[in-house]
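> everything below, folded, please.
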Amino acid sequence: MKLGRVIGLFLLKHHRVALPGFGIIMHDADALVDGQDGEEPESFAPGSLTFIADPKVSPDELLLEFISRETGKMKSLAKSDMDSFLQFGFELINISKPFHLEGIGILQKNAKNQLEFLQSSELIPQDPFSRNSSPSGSRKRRMSAPSPDLIRKLSLGLLLILLLLAATMTVRWFINRPVSEEIPEPDTQISLPTSSTDTLQLANKPASTSGSDHFGVVLEQSSRQRAFKRFADLKEWGHNVRLVTKDSVTFKLYILINAPMRDTAKHRDSLRIFFNRRVWIETHPDEKP
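Prediction:
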């Protein structure tokens, strides 16, 4: 289950959720949703949520235990996931983008550069396999035990995935294994890194814009949903990636390199090999019209 859904379920149950660095979202439990007829609600009544800005609010231990129970992860991993989720929200708000809390609402900066909350009218998506999910009435379903054929098919599928993963790692090792022979150095570029470790160090080298020689290596240009997910994944993996858009429809992901322009081919080819996809050079990738 996605973390945003878990936070929404926690808010429905406890009527209060603390988001460190942002503030507290309160739920008016007396506000009923139309058509519930006494059943457990699956969404928030319009106007039933209020936000209190408090960047110094402490982490909610009860929320971390709830996340751990719902996701099946240890509490330390649940805390790490929560920290990454909130950090992603900070980065979105810092680039004037809304931070979506699924089924709850959005946090964003207003015209006065103040943090504000707008409630969403969407339903909180329920996980049919959640241990604490207990829909009543017409929504109640009885989960049957998986059949032996299904278990066998799942086992075979898992085995195939493991074999493919092993084959991929073997091919990568042969491609990236160190070579003993020296590669002649052309006039315009130097030899490429010969291991995945060198490539990682090159990709994650901190970029400095204090000098005049710098350029961007564009990793991809995609839609909003794809770009934000890819941005969060790359940040979580430790890459110094940046996100920029000109029209809020198409987003560009790039890494800023502080190096002379004559080294563009070296950095481009290194990142192309590491990410196994086409990348390209732009001297000013974050320039807006």
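
> measure the nearest residue to residue 52 once chain neighbours are set aside to residue 67 for me?
The shortest distance from residue 52 to any non-neighbouring residue, by CB to CB, 6 or more residues apart in numbering, is to residue 24 (4.7 Å). Heads up, the C-betas are built off the backbone N, CA and C, glycines and all. Distance, residue 24 to residue 67, using CB to CB, to the nearest Å: 17 Å.

> these two: who's more crowded?
Each of residue 24 and residue 67 has its neighbours counted (other CB atoms under 10 Å); residue 67 has more, 24 against 15.

> residues near residue 253, how many?
24.

> and for residue 25?
24.

> secondary structure class for it?
Following DSSP: H, G, I helix; E, B strand; the rest coil, residue 25 is assigned to strand.

> which ones are touching it?
Shown in contact with residue 25 (CB atoms under 8 Å, 6 or more residues apart in numbering): 11, 16-17, 19, 49-51, 101, 104-105, 117.

> drop anything exposed from those residues.
11, 16-17, 19, 49, 51, 101, 104-105, 117 (16 or more other CB atoms under 10 Å).

> narrow those to those in helices?
Among the buried ones among the contacts of residue 25, DSSP state H puts residue 11 in helices.

> just send the buried ones among the contacts of residue 25 back as TSV, with distance to residue 230 too.
Putting these into TSV (distance: CB to CB, whole Å) gives the following:
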residue	distance to residue 230
11	28
16	33
17	27
19	24
49	30
51	29
101	20
104	24
105	24
117	27
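
> nearest to residue 167 among the buried ones among the contacts of residue 25?
Using CB to CB, residue 101 is the member of those that sits closest to residue 167, with 40.3 Å.

> distance of that closest one from residue 250?
25 Å.

> span of stretch 107-119 from start to end?
9 Å (CA to CA, to the nearest Å).

> that should have said stretch 276-284, apologies.
Start-to-end, stretch 276-284 (CA to CA) is 23 Å.

> pull out the buried positions in that stretch.
Applying 16+ other CB under 10 Å to stretch 276-284 flags 279, 281 as buried.

> does the one residue sitting closest to the centre of the chain count as helix, strand or coil?
For the chain, the residue nearest the mean C-alpha position is residue 232 (3.4 Å; CA atoms, centre = their mean). At residue 232 the chain is in helix, as set by three-state DSSP.
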